[in-house]
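S.K.: Turn this into a structure:
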Amino acid sequence: MSILVINPGSTSTKVALFQDGGILAAEELQHSRADLAGFARVADQFDFRMRVVAEFLGKTGTDPKRIRAVAARGGLLRPLEGGVYAVSDAMAAHLFEARYGEHACNLGGLLALALSRQWNVPAYVVDPVVTDEMMDRARLTGLPGLERRSIFHALNQRGVARIVAGRLGVEYETANFIVCHMGGGVSIGAHRRGRVVDVINALDGEGPFTPERTGGLPLVPVLDMVHSGERGYDELRQTILSRGGLTAHLGTNDPREVLARMERGDEHAGLVFRAMTYGIARHIVSMAPCLVDDEGCLDLAAVVLTGGLSRSRPLVEELSRQAGFLAPVEVVPGEVEMFALAEGASRALCGVEPVRTYRDD
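M.R.: This next block holds a predicted model:
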């Protein structure tokens, strides 16, 4: 029996077939702007994305009768505890309406539910991006009414933490990890015995600067910048989320190009790279206090580095040097989202992990 996995992104659709923990077939189809230009809303792409899945099944000769479950990347929903959720009518309605935000990942649950009804099998989403298990003292800010939010690379973070737990011979649910996902943005989670109790949320402008994001900025100078008219709201928001960091300093979001400039003697490129690395290390270390036990000792199995940037050996070496005093540094390059989706569905099918219900609160 097989598990079909679907992961829709802004410009791609990933589809894979897993069996007994191994991958049978996989495909990632890229979508151009022209492909998606005619769709006013993400939900309008449903038929287009479904054709991608159907073509994959046709090319692989997959017999739907052998598919045991469909697992999809979770979309923008109300804040949830992590885990495996059955795709319900309430969840599908929220995803279709984009009640909590518009993003291509909303299509995952919609596609999974349609196929599950066609084949009479369960449809799941696993560890959606809105996974929220933050402890109360991590939410509170100095401004009443404004709380920190938990939005992060939950699926990949939990997936790689489970992989590292297996390497170390410990259970994810009984050990502690700091996981740093490094891509265009950087999210960092403190995983305490199976729950992510604090998160550095790159989507809200927290954390270090990255290849594309500014990270946290001094607030009063930013307010002065807006008040003076030096930067408008729309321009500043776009800079914070997609035109900051390496892009703003060096005109590229590719760390390989930055390293090449450093090798050619570009001192400014070297300073920017070291500053980015230092910022990531500093924010990794900032997660340590919530993993201190009652005796005041840091209880940490590993610092885990993942995401596209973890393929950069110089970056990993610097982070290991600066943050390795906390615990051993483990690297899981790239991302394991498809594998994590399949594993979550498998745990649900085997009864190892309970299937949660999404409530229309």
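
S.K.: Quick one: the helices in the chain, in order.
M.R.: 33-36, 46-60, 89-97, 106-119, 136-139, 154-168, 219-228, 233-242, 245-250, 255-263, 267-285, 313-323, 337-350 (DSSP state H).

S.K.: Identify whichever of those lies nearest to residue 13.
M.R.: helix 46-60 (4.6 Å; C-beta to C-beta). (C-beta placed from N, C-alpha, C; glycine too.)

S.K.: hmm, who's touching the least confident helix or strand in the chain by mean pLDDT?
M.R.: Ranking every helix and strand in the chain by mean pLDDT, DSSP states H and E puts helix 33-36 at the bottom, with a mean of 86. Residues outside helix 33-36 that contact it (C-beta atoms under 8 Å, 6 or more residues apart in numbering): 11, 45, 48.

S.K.: follow-up on the earlier one: kindly state which of the helices of the chain is positioned closest to residue 198.
M.R.: Taking the helices of the chain one by one with C-beta to C-beta, helix 136-139 is closest: 4.2 Å.

S.K.: what helices or strands is the closest one leaning on?
M.R.: strand 195-200 (3 or more C-beta pairs under 8 Å, 6 or more residues apart in numbering; DSSP states H and E).

S.K.: Let me know the average pLDDT across the strand it packs on.
M.R.: The average pLDDT for strand 195-200 rounds to 97.

S.K.: for stretch 108-126, same thing?
M.R.: For stretch 108-126, the per-residue pLDDT averages 97.

S.K.: Please spell out which residues along that stretch are buried.
M.R.: 108-116, 119, 121-126 (16 or more other C-beta atoms under 10 Å).

S.K.: quick revisit: got a markdown table for the helices of the chain, with distance to residue 7 too?
M.R.: Converted to a markdown table, the helices of the chain look like this (distance: least, C-beta to C-beta, whole Å):
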| stretch | distance to residue 7 |
| --- | --- |
| helix 33-36 | 16 |
| helix 46-60 | 11 |
| helix 89-97 | 14 |
| helix 106-119 | 7 |
| helix 136-139 | 29 |
| helix 154-168 | 9 |
| helix 219-228 | 35 |
| helix 233-242 | 21 |
| helix 245-250 | 25 |
| helix 255-263 | 24 |
| helix 267-285 | 25 |
| helix 313-323 | 25 |
| helix 337-350 | 6 |
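
S.K.: out of these, which comes closest to residue 17?
M.R.: helix 46-60 (6.4 Å).

S.K.: which strands and helices sit next to that closest one?
M.R.: Right, helix 46-60 is packed against strand 2-8, strand 12-19, strand 22-30, helix 106-119 by 3+ C-beta pairs under 8 Å, 6+ apart.

S.K.: Nearest spatial neighbour of the residue positioned nearest the centre of the chain, chain-adjacent residues omitted?
M.R.: Centroid-nearest residue in the chain: residue 153, 1.7 Å away (criterion: C-alpha atoms, centre = their mean). Of all residues not flanking residue 153 in the chain, residue 181 sits nearest, at 4.1 Å (C-beta to C-beta, 6 or more residues apart in numbering).

S.K.: residues in contact with the one you found?
M.R.: Residue 181 neighbours (C-beta under 8 Å, 6+ apart): 152-153, 156-157, 187-189, 306-307, 335.

S.K.: Which ones among these map onto strands?
M.R.: 187-189, 306-307 (DSSP state E).

S.K.: re earlier: can you check which of the helices of the chain gets nearest to residue 19?
M.R.: Closest of these to residue 19 is helix 337-350, at 9.0 Å (criterion: C-beta to C-beta).
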